[in-house]
Structure formats: structure tokens, C-alpha cells
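Participant: quick one, fold the following:
(one chain, ligands or ions: 2)
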Amino acid sequence: MPSDLFSLKMRAAADGRHISGAEKIVAPEDLAVHMRCLLERALHHANGEPDFINFKLERLSAGSILHLDALPVRSLAADTPEDGLARMRDLLASLGIARAGEIVGLLRGLRGMRGAALLDADTLERLDSDPSRGVRATVMDAARSPSETPSSAAKNHYAEAMVLAAKVANAPGIVAELCISDDPDYVTGYIASKSLGYVRIAPLKQLGSPAGGRIFLYRGTRADVARTIDFLEKRPVVVHGIPPRPQDASAPQAEPVPPPSEAIRHTLRELRERSLFRTEEVFESPPAPHVRQHGREILMFASNDYLDLANDPRMKEAAAAAVLRYGTGTGGSRLTTGTLPVHRELERALADFKGTEDAVVFATGFAANSGVVPALCPRGSVVFSDELNHASIIDGCRLSGAKIVVYRHNDMADLERKIAAESPRRGLVVSDAVFSMDGDVADLPGLLECARKHRLFSMIDEAHATGVVGPGGHGVLSLFPALKSRPDVIMGTLSKALGSEGGFVCVSHEMAEYLRNRTRSYIFSTAPSPASMAAALEAIRIIGAEPGRVERLQANVAFFLNELHDRGIDAKTQSAIVPIVIGDSDAALAAAASLRRENIVVSPIRYPSVPEGTARLRLTVMATHSEDDLRRCADALARALGQAVRTHF
Ligand code: WAQ
Ligand code: MG
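Facilitator: Ligands and ions are numbered 1, 2, ... in the order given. A predicted model of the protein is given here:
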């Protein structure tokens, strides 16, 4: 069931003189932001400063709303106002209205009315009851796309007139509408009807003239006039598909548009030229320190399977048993028929692992971030996002429709300044816990303090922290034992150290209930398969039962950094991600290729995964890399970097 909406109207006046007015049809959660926009508009109007602003809110039941298509639009350019009015007259006559000339004459003489004159199309008798006011078409708005942010921009004559004209043309008994703007600087008007569409004509008056008004032409019985007025003044209408304002008839024609495939070809060419073109590589064995590709054994330094669990026999058995017990797919979303005991068990285990009351599992980490951020940040709020956050967070920010404020990487002073400058009523600070391309850890105490002080939600992404960072691999929180508060949302993934597939958030009970009801990527995705749930559950069990695994990973990272330093390679990390920044995309590709010739896989990372000019090799260490593996990689890296420097700088 669609929920109820509100009709929101604003009128501003100074000394009893009308200055501006506008109306919207708005969902309850969007009321505040639209009111703020209308207020801006009232306060900064060219007509003057108001001393009285009236807001009116009226609840509309969603079922009462009439959805209409916009009228088709065309524009006519006239030489003079006389010429424009003659064209309007001719169009009116083409509708079979005998006294078209007289009607246009009446329109020219109008001024100072808030509404329109309702005339009998044949006798020209005035049918509305208050000739100084006229009939007002109200309770209407243009449909908005979910991504559209409301704006406090000045009146858009065209768009507002399109809404009104669609409603009037669809009113019972109305055969045509004529309009001249009363704004002295707006000389475009129109004639509209269902059969003519919306015909813009310019000019219809001299620039600077305060004349202007509207006429609605009616055909029908006197008894039915009340029904027409009732429709115009009371029936809620939302108009869909208003086309962008057409170019004025005199404007030059646009260039011919090439076929759409040309744009794709152009992009591919550009990617290749800039060394940014990518293809998938195929590996022929499970993730492990040593994998097979094209029949060759390869040393792997680019896997996120940090703890080497994805191919662990116990993991595979747990997944297989879940498949045998529950099947291969869940056949439904979590809130319909897709939830199995193993989903709840895993959520319990994740909550315990992170020390929260509850957890919510998603199909992927990307789905978690891109869904949870919009759920927490409805339009009208502000989201503060670290400049190096993962793409899934960035997309979540964009999807939310909230204002996005990007702060400098891990710079809490910058974050504090930016929050203070916005002083939002509602918002979120969101950050990777371990940054996926740099391997460093967020300043969690600083971030939580900023969020607390300004009453904002806080969220961290522990995709590369879970199972990797801190004692027991419990994540970055365990690095800061003195912390008094915790993030509202601790996000993580099942697909990296946990060797499975999926994403999750660890949260309070209340937040879990909210997210289950509000996160579109949770509500509208099929529940993840029992195989991946059972595997992740087993991973958490193994990590708990074998603390040596995480310790081994952390020791391997320390050993590897030492080996690199011994060879004069500058590298640091606070996780299992070791970035070696090279700068130039081609040089990074060349270095990766030279390692590949030694049968070692590392990831060359280029724009747009990292800022331009910071292309790098990204190496990931696994718990089961041997000291020999780590030394061999460090040696090859030293050779590759020497070569990259010689050929590219
Ligand atoms: N219902 C009925 N009549 C109205 C309403 C209403 N809601 N609002 C205004 N009027 C009457 C009133 O007499 C005004 O003086 C007159 O219409 C003109 O109103 O494609 O700006 O708001 O770009 O000044 C046409 C756009 C702009 C052409 C019309 O009208 C284009 C415009 P204004
Ligand atoms: Mg006006």
C-alpha cells in the first residue's frame, strides 16, 4: 500500500501584498527538506522581502491521487505580441470556438487576479463566483524521480505551468486554457487543451508589462460547473513525464547525434589508450598461496582469502552439508520465504564476534554498503565520507539523495570543520576501517568523537579488518580498547578472511529492526544461499578455535614488511594489504607484468580505483604464505621496481 502524502503550500506576502507562492505534493519523510526549500524561495524573491509566510499542510490519502501524463509541448515564435495573440486566437478557433477573438481580447485585459476566469466557451458568461479572485487550480505537483534533490531555485515558469495545464486540460468540461504570465519580465504564454497539447507562444506581451492572467473555457451544463471547480481546487494531481523545456523556436538546431554504439567504442578506445582497459583472468585452482594458471604454478599475492579458509576442507564440508540439507538456493528474499535457521545462526555468531546485539546479513558486501547508507540517510540529511572510501560506500552515498560531504583521508580536523560548517540535523559519518587500497586504519576514536559531538550516526566498513586486524581478528575496535562508544554500524564481509560470500552489518537490536525494514538491497534481494551462510559460520568457528591462524597472518605481514625494507622498498601497512605506490599507470602495469614473468600475481591498481597519479601494486599477505614465499616475492618485487624505475622515469 502506498503511504499517505501531504499537500504542502507556501504563500509569502509583504504588507498584505502577494509576493510568491508555490505548492508540492510530498512524502512525509521529505516534508522538512521541501519546506526548507520553499522557505528559501519565499525569503529570497525578486518581488521583495515578505513579512508574512504561510505554510499549509494537508494530508492526502495516496489512493485519492490522480496521476496524469504531461501534455505534449511545442513552441511558436511570434514577431510581436500582436502576432502572438493572433496565433493564439487561430489555435483557439481551430478547436471550434466561435468567439476566439473576443476571448483573447478578454485575456489581454486581465490583471491582478490570483486565479483564472472560468468562462462559458460559447456565451463567454463568467461562471466562477468571485470575479476578483477567480478559480484556482491547486493540489498538484510534478512527479519526482527518487534521485532528484529538491531545489530552492526560483520559480520555473515552464515546469509549473506544465503541471497546471495538465490538470486543467483533464478537468471535466474544460475545453481549453489560455495564459499570459503576470511577471513583467516573462513574455511567454500558452494555449493548452487535450487535443492541442501545450503550445507555448512568445511574445504575448511587451516586456515590462504587469498584465497577465488565465482563462479556463468550459462547455457543459450549469449544474456541472461545481464539479469542475471542485476538481480544479481539490483533486490531488501528480503529473508525470514533463519534458525538458523545448528550445525556443528561433534557437539554432543541435548537431546530429551519432549512434549510441559510437559512445561505447569511444570509451573502450580511451581506456586502452590510457592503459586502463581491464579483462578477467581465469585461475584453474581454488584460492591459496599457490594457484594454477595455464598449467603453471603461480605464487598468489592478490587474494582477499587472507586466512586461506575458502578451500579449507571443513568449510567445504559445512557448505556441502548445508546444500544437502537446505538446497542450492533460498527461493525468496529474507522477509518473504528465504530465511533459514542458518541465516539466523550466522547473524548470531557475527554479532558475538563483533560484540554487538544483532547482525544483518546481505548477499554481498557491496549490497550492504550501497543499501545501508541510503537507509540511514534519507534525503535532507548529510553524509560525511572519507575521500578514500570504497566504491560501494560512494554509491550508497549517491543513492541516498543526501548531501555528500567528502573529507580528507583520515583527517579528523577536516571532518570536524566540515561537520561544523554544515551543522546537519541528521547525518552519518562513514569510513572504511581498513582502507582497501592503502591498508591503513581509520582514526576510530577521532571519528566516533566527531559523530557523537554532532549527534550523527557512525559507520565503519571492516571488509579488510574482519579476521585480519586486532587480537583474534575481531577488527579495528579491538585496537582501541579504551573506546567508550562504538560505531552505530560495523559493516563487514563474509567474502574475504571468512572465505565465503556475502556482507553483513553488526548493530543494536533496534538498528537491525530498522535496517531490515528500510534497506532496499536487503528487502529486494534473494536471501544468500545456505552454502555461503554455513561456510561463513564455520569460518567464525575456526577463527575462534584456532587463534594461531590470525596470529600467523599478522606475523607474516610483519615479516614481509621487514623483507621489503631490507631491500630498500618503502612499504607500510596496518592490515594485510601492502600497497607499493608507483604513480604512473603504465609503470604499475609494467611492474606487475615483470612479477608475472616470475610467476607471481600482484594487483596493479589504477584509476578509478585510486586517484590518478597514484597507481600502485597492491599485495595481500595470507596466513599460509611461507617465509620462503614472502622472501621470493620481496626479491622479485625489488627486481621489478628497479626495472620500472629504469624504463619509466
Ligand atoms: N490557478 C488558476 N489560475 C492561476 C493560478 C492557479 N493555480 N496561478 C496563477 N493563475 C493565474 C493568475 O491570474 C495569474 O495572474 C496568471 O494565472 C499568471 O500566473 O512555456 O508564470 O504564475 O514557459 O504568472 C507560462 C509559461 C508561465 C510558458 C505562466 O503564470 C512557458 C506564469 P503566472
Ligand atoms: Mg507570476
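
Participant: only C-alpha atoms from now on, for both contacts and neighbour counts.
Facilitator: Fine.

Participant: tell me how far the residue of the chain most remote from its centre lies from A98.
Facilitator: Residue farthest from the centre of the chain, counting by C-alpha atoms, centre = their mean, is T123 at 54.2 Å. In this view, T123 and A98 are 10 Å apart by C-alpha to C-alpha, to the nearest Å.

Participant: same thing with A451?
Facilitator: Using C-alpha to C-alpha, A451 is found at 69 Å from A98.

Participant: higher neighbour count, those two?
Facilitator: Neighbours were counted for A451 and for A98 using other C-alpha atoms under 10 Å; A451 has more, 23 against 14.

Participant: next secondary structure after the one helix or strand the more buried one maps to?
Facilitator: Secondary structure from DSSP states H and E places A451 in helix 444-453. In the C-terminal direction, the helix or strand that comes right after helix 444-453 (DSSP H and E) is strand 457-461.

Participant: residue nearest the centroid of the protein?
Facilitator: Nearest to the chain centroid, counting by C-alpha atoms, centre = their mean: L399, 1.3 Å.

Participant: that residue contacts E148, doesn't it?
Facilitator: No: when contacts are counted by C-alpha atoms under 8 Å, L399 is not listed as touching E148 (10.2 Å).

Participant: ligand 1 contacts on the stretch 1-150 of the chain?
Facilitator: G112, M113, R114, G115, A116, V135, R136, A137, T138 (C-alpha under 6 Å from any ligand atom).

Participant: sort these by pLDDT and name the bottom one.
Facilitator: For these, the weakest pLDDT value sits at G112, with 86.

Participant: gap between it and ligand 2?
Facilitator: The gap separating G112 from ligand 2 is 10 Å, by C-alpha to the ion, to the nearest Å.

Participant: quick one, phi/psi of the residue of the stretch 401-550 of the chain found nearest ligand 1?
Facilitator: In the stretch 401-550 of the chain, the residue that lies nearest ligand 1 is G401 (28.1 Å; C-alpha to the nearest ligand atom). Phi and psi for G401, reported as degrees, to the nearest 10, are phi 80, psi 0.

Participant: pLDDT value on it, please?
Facilitator: At G401, pLDDT is 93.

Participant: was I right about it contacting P150?
Facilitator: No: the pair G401 / P150 is not scored as a contact, 9.6 Å apart, by C-alpha under 8 Å.

Participant: between the two, tell me which one has more neighbours.
Facilitator: Taking neighbours as other C-alpha under 10 Å, G401 and P150 compare with G401 leading, 21 against 17.

Participant: so who does the more buried one touch?
Facilitator: Neighbour list for G401: P146, S147, E148, T149, P374, C377, P378, R379, G380 [criterion: C-alpha atoms under 8 Å, 6 or more residues apart in numbering].

Participant: may I see the ChimeraX selection of the buried members of these?
Facilitator: What follows is the ChimeraX syntax selecting those of the contacts of G401 that are buried according to 16 or more other C-alpha atoms under 10 Å:
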select :374,377,378,379,380
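
Participant: which of the contacts of G401 lies closest to E280?
Facilitator: P374 (30.6 Å; C-alpha to C-alpha).

Participant: report the secondary structure state of the closest one.
Facilitator: helix (DSSP: H, G, I helix; E, B strand; the rest coil).

Participant: before we move on, what about the one 10 residues further on?
Facilitator: F384 carries the three-state label strand when classified by three-state DSSP.

Participant: that one against R426, yeah?
Facilitator: No: using C-alpha under 8 Å, F384 is not in contact with R426, being 11.1 Å away.

Participant: quick one: which of the two has more around it?
Facilitator: F384 (23 against 18).

Participant: any idea how far that one lies from ligand 1?
Facilitator: 38 Å (C-alpha to the nearest ligand atom, to the nearest Å).

Participant: and A42, by the same measure?
Facilitator: For A42, the distance to ligand 1 - C-alpha to the nearest ligand atom - is 15 Å.

Participant: how many neighbours does that residue have?
Facilitator: 27.

Participant: same question, L106
Facilitator: Neighbourhood size, L106 [other C-alpha under 10 Å]: 15.

Participant: with T336 instead?
Facilitator: Using other C-alpha under 10 Å: T336 sits among 12 other residues.

Participant: could you list the contact residues of the stretch 151-300 of the chain toward ligand 2?
Facilitator: Within the stretch 151-300 of the chain, the positions lying close to ligand 2 (C-alpha under 5 Å from the ion) are D182, D183.

Participant: for the stretch 151-300 of the chain, what lies in contact range of ligand 1?
Facilitator: Checking the stretch 151-300 of the chain against ligand 1 by C-alpha under 6 Å from any ligand atom, the hits are 157-158, 161, 180-183, 188-190, 200, 212-214.

Participant: need those in a markdown table with secondary structure, can you?
Facilitator: Putting those into a markdown table (three-state DSSP) gives the following:
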| residue | secondary structure |
| --- | --- |
| H157 | helix |
| Y158 | helix |
| A161 | helix |
| I180 | strand |
| S181 | coil |
| D182 | coil |
| D183 | coil |
| T188 | coil |
| G189 | strand |
| Y190 | strand |
| R200 | strand |
| G212 | coil |
| G213 | strand |
| R214 | strand |
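
Participant: least confident of those?
Facilitator: Among those, D183 has the lowest pLDDT, at 88.

Participant: any idea how far K205 lies from S400?
Facilitator: In terms of C-alpha to C-alpha, K205 sits 44 Å off from S400.

Participant: ok so G21 is a strand residue?
Facilitator: Yes: G21: assigned to a strand according to three-state DSSP.

Participant: quick check: bridge partners of the closest residue to it other than its chain neighbours?
Facilitator: Spatial nearest neighbour of G21, chain neighbours left out: R11 (4.3 Å); criterion: C-alpha to C-alpha, 6 or more residues apart in numbering. With DSSP bridges as the criterion, R11 is bridged to G21, N54.

Participant: ok, R11 touching L38?
Facilitator: No: using C-alpha under 8 Å, R11 is not in contact with L38; the gap is 9.2 Å.

Participant: and the residue nearest to G21, what does it touch?
Facilitator: Going by C-alpha under 8 Å, 6+ apart, R11 touches H18, I19, S20, G21, A22, A42, I53, N54, F55.

Participant: next: H343.
Facilitator: V361, P530, M533.

Participant: wait, which of the residues you listed is closest to G492?
Facilitator: Among the contacts of H343, and counting by C-alpha to C-alpha, the member closest to G492 is V361, at 9.4 Å.

Participant: just confirm that closest one contacts V507, I think it does.
Facilitator: No: using C-alpha under 8 Å, V361 is not in contact with V507; the gap is 11.2 Å.

Participant: what about these two, which has more around it?
Facilitator: For V361 versus V507, the count of surrounding residues by other C-alpha under 10 Å is larger for V361: 28 against 25.

Participant: tell me what that one is bridged to.
Facilitator: Beta-bridge partners, per DSSP bridges, of V361: F504.

Participant: contacts only, for it.
Facilitator: So V361 contacts H343, E347, A368, G502, G503, F504, V505 (C-alpha under 8 Å, 6+ apart).

Participant: could you redo the last one with a cut-off of 10 Å?
Facilitator: Shown in contact with V361 (C-alpha atoms under 10 Å, 6 or more residues apart in numbering): 334, 343-344, 346-347, 350, 367-368, 491-494, 502-506, 516, 522, 527-528, 533.
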